[in-house]
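Engineer: got a predicted model here, sequence first, then my questions.
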Amino acid sequence: MNTVIYDYKIFIDGSNRVHTTRDSGIGVNALQHMSLVDEDTNNIHNFKSCYALSTIIDGVGTKNSNNLSEYMSMVGALDWMLSKNLHGKNVMILTDSQLVANQLKGFSRVKNKEASYYQGYDYAKIRLNLLKAKMSNRIHIKWVPREENIADSLTRKYKRIKCFVGCIRSKSV
């Protein structure tokens, strides 16, 4: 069995604020592989952070949902990949959303195009196809439990700041 060595692992997460339907927080944390020789080359300790984003999506639509936030975090990760020209790199995108992972891998379909998250799905699918076709990326999407998703803290961190400082709209960390 051949083990794929990933050049990048990108953790993504989205979170909808419980008390509002307008603002959603997203987090993206990209890690670049640093070790050349190691028995477990995909061990998280062999990666270092090379990009982190924590931001609020302010009123993407009148029907923000947690699923839309999850998809917009995927869009943020894919936009970062497009900007970095990661041609030919092996990339693992890790999400704690089974819906996002399964729909973008083609294991399940969007049943209702009127669903509040469909716009996010559409944006993510277009970027994913672009990366796969034009940049020859080998992109793998994997579901991980929330406890293992290091981007989860970025959505919560930003949301706390947003709650206390109402004028902040986006922040890179």
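Structural biologist: Arrived safely, thanks for sending.
Engineer: from the contact counts, what lies against the longest helix seen in the chain?
Structural biologist: Looking across the chain with DSSP state H, the single longest helix is helix 66-84. Applying 3 or more CB pairs under 8 Å, 6 or more residues apart in numbering; DSSP states H and E, one finds that helix 66-84 makes contact with strand 8-16, strand 23-33, strand 47-58, strand 90-95, helix 98-105, helix 118-134. Where you see a C-beta, it was placed from the backbone N, CA and C, and this is true even at glycine.
Engineer: flag every buried residue along that helix.
Structural biologist: Of all the residues in helix 66-84, those buried under the rule 16 or more other CB atoms under 10 Å are 66-78, 80-81.
Engineer: least confident pick among these?
Structural biologist: In terms of pLDDT, the lowest of the buried residues of helix 66-84 is N66, showing 81.
Engineer: ok, back up a step: and the buried residues of helix 66-84, which is closest to M92?
Structural biologist: Relative to M92, the closest of the buried residues of helix 66-84 is A77; by CB to CB it sits at 11.0 Å.
Engineer: so that closest one versus E114, what's the distance?
Structural biologist: Using CB to CB, to the nearest Å, one obtains 26 Å as the distance from A77 to E114.
Engineer: before we move on, the earlier item: now the helices and strands packed on helix 66-84 in JSON lines, with distance to E147, mean neighbour count and mean pLDDT?
Structural biologist: Formatted as JSON lines, the helices and strands packed on helix 66-84 follow (distance: least, CB to CB, whole Å; neighbours: other CB atoms under 10 Å; pLDDT from 0 to 100):
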{"stretch": "strand 8-16", "distance to E147": "12", "mean neighbour count": "26", "mean pLDDT": "87"}
{"stretch": "strand 23-33", "distance to E147": "15", "mean neighbour count": "24", "mean pLDDT": "79"}
{"stretch": "strand 47-58", "distance to E147": "18", "mean neighbour count": "18", "mean pLDDT": "71"}
{"stretch": "strand 90-95", "distance to E147": "12", "mean neighbour count": "22", "mean pLDDT": "92"}
{"stretch": "helix 98-105", "distance to E147": "15", "mean neighbour count": "18", "mean pLDDT": "93"}
{"stretch": "helix 118-134", "distance to E147": "24", "mean neighbour count": "17", "mean pLDDT": "86"}
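Engineer: H140: which of the ones you listed is closest?
Structural biologist: Distance to H140, taken as CB to CB, is lowest for strand 90-95 among those, at 5.0 Å.
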